[in-house]
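Enquirer: sequence plus predicted model, see below.
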Amino acid sequence: MASSLTCAGVVWAFLSFLCAAASCVGFFMPYWLLGSQLEKSVSFGTFRRCSYPVRDESRQMTVMVEQCGRYASFQAIPSAEWRICTVVTGLGCGLLLLVALTALMGCCVSELISRTVGRVAGGIQFLGGKCSCGEGTGV
C-alpha cells in the first residue's frame, strides 16, 4: 500500500478525521445550550431540541414536552440567526469531513496528495473549522 503522505501527513490525516467526526457529532447533538424552563431541564442545538414548551389549547396552558427531536421544518428553527448558524455549521462540518476523507485516501493511494494539494486542503480545513466552531455562541 503506497502513500503520498509523509509521517506528519499520516498523523494529520488521522487527526483531521477525528476532529471532523467530533465536529459532526457535536453538530447533530442537541446540547449546545443547557438551561431550565418551567422547572424542567431543557437543551437545544442548531436544529435539535430536548424538553421544549408547547401550548396545549385544550387546557389553555403551556406544557413541557419531555423528548428530543428535530424541528419540524427549517422555518421552525427559533430565529434567523439560528437558521444561518445551522447552514454555516453544516457546511463547515461537510468541508472538514471532505478534507479528512481525502487525506485518509492519501494514506492508501500514492500521488494523490501533493504539497500544493496539502496546503489547499489545510486552508479548506481552517475555513471549515472556523465555520463549524465559530458560530455556535449566540442565541
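Expert: Yep, it's here.
Enquirer: residue closest to the middle of this structure?
Expert: For the chain, the residue lying nearest the average C-alpha position, counting by CA atoms, centre = their mean, turns out to be F27 (2.9 Å).
Enquirer: so who does that one touch?
Expert: 45-46, 89-90, 93, 132 (CB atoms under 8 Å, 6 or more residues apart in numbering). C-beta here means a position set from N, CA and C on the backbone, and glycine is covered the same way.
Enquirer: who wins for neighbours among those residues?
Expert: S132 (26 neighbours; other CB atoms under 10 Å).
Enquirer: which residue ranges of the protein form helices?
Expert: For the chain, the helices defined by DSSP state H cover 7-28, 80-106, 115-133.
Enquirer: compare the ones you listed and give me the one nearest Y52.
Expert: helix 80-106 (13.5 Å; CB to CB).
Enquirer: tell me which residues of the closest one come out buried.
Expert: 82-83, 85-86, 88-90, 92-97, 99-100, 102-104, 106 (16 or more other CB atoms under 10 Å).
Enquirer: who are the packing partners of it?
Expert: helix 7-28, helix 115-133 (3 or more CB pairs under 8 Å, 6 or more residues apart in numbering; DSSP states H and E).
Enquirer: can you list the ones you listed in TSV and add mean pLDDT and distance to S36?
Expert: Listed next are those as TSV, based on pLDDT from 0 to 100; distance: least, CB to CB, whole Å:
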stretch	mean pLDDT	distance to S36
helix 7-28	84	22
helix 115-133	71	26
